[in-house]
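**Q** one predicted model, sequence on top.
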Amino acid sequence: MTGFGFYEPYWLIDLANACIVVHLVGGYQMYSQTLFAMVDKEHSTTFLNKDFTLKLPMLQPLTFNLHRLCFRTAYVVATTAISVAFPYFNQVLGVLGAISFWPMAIYFPVEMCLRRKRIGAWTSNWILFRAFSAMCFSINMLALIASIQGLVSARFTSQLETE
């Protein structure tokens with residue numbers, strides 16, 4: 001968060017960074033669920049999918065699957081190691097976020113709402129939904145351009161530092 005030239009108050013920067021971590025962890029889990037489901041389906045033997053129950057005093061019994069625990073832990077460790085080793089990770093993450101935000105968060109939900117509620121073409125609600133989607137698309141394109149500019153800028157800045 002300090003990349004914007006905003007350094008004080010320190011508690012606000014720490015709070016903003018904590019919120020970013022919570023946001024990324026939630027998104028990471030959501031987007032990884034399809035991979036986890038595919039791996040669970042492919043490795044559906046009785047040996048690998050045996051559930052174990054851990055009983056702790058004064059708590060509900062905890063049921064876990066050893067295959068899921070090991071695979072998901074290895075997946076998180078591997079993707080974290082790759083992201084740490086990847087140059088310009090924040091800038092690349094910004095570009096990917098700008099590419100995927102509008103279709104996933106705006107376009108598809110708007111289209112689903114229009115179809116589910118059977119909102120007819122050129123009605124006031126239809127025009128409002130389309131205007132909202134177009135406005136978000138425009139903002140998203142500006143964010144994409146800014147993210148690409150940040151990636152290019154970081155690339156040339158690091159290239160100049162190494163020379």
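**A** Received it, and whenever you're ready, just let me know what you need. Quantities reported herein were computed from a predicted structural model and do not represent experimental measurements.
**Q** same question for whatever helix or strand C136 lives in, mean pLDDT?
**A** With elements taken from DSSP states H and E, the one containing C136 is helix 124-162. Per-residue pLDDT over helix 124-162 has a mean of 89.
**Q** tell me what it is packed against?
**A** Helices and strands in packing contact with helix 124-162 are listed as helix 89-101, helix 108-116; criterion 3 or more CB pairs under 8 Å, 6 or more residues apart in numbering; DSSP states H and E. For every residue, glycine as well, the C-beta is placed using N, CA and C.
**Q** okay, the ones you listed, which one's buried deepest?
**A** Comparing the helices and strands packed on helix 124-162 by mean neighbour count (mean count of other CB atoms under 10 Å), helix 89-101 comes out on top with a mean of 15.
**Q** report the angle between it and helix 124-162.
**A** Between the axis of helix 89-101 and that of helix 124-162 there is an angle of 160 degrees, by axes from the mean of the first three to the mean of the last three CA atoms, to 10 degrees.
**Q** now do helix 89-101: which elements does it pack against?
**A** The contact analysis (3+ CB pairs under 8 Å, 6+ apart) places helix 89-101 against helix 124-162.
**Q** and if we set it to 10 Å?
**A** Contacts of helix 89-101 with other secondary structure elements, assessed using 3 or more CB pairs under 10 Å, 6 or more residues apart in numbering; DSSP states H and E, are made with helix 10-42, helix 66-85, helix 124-162.
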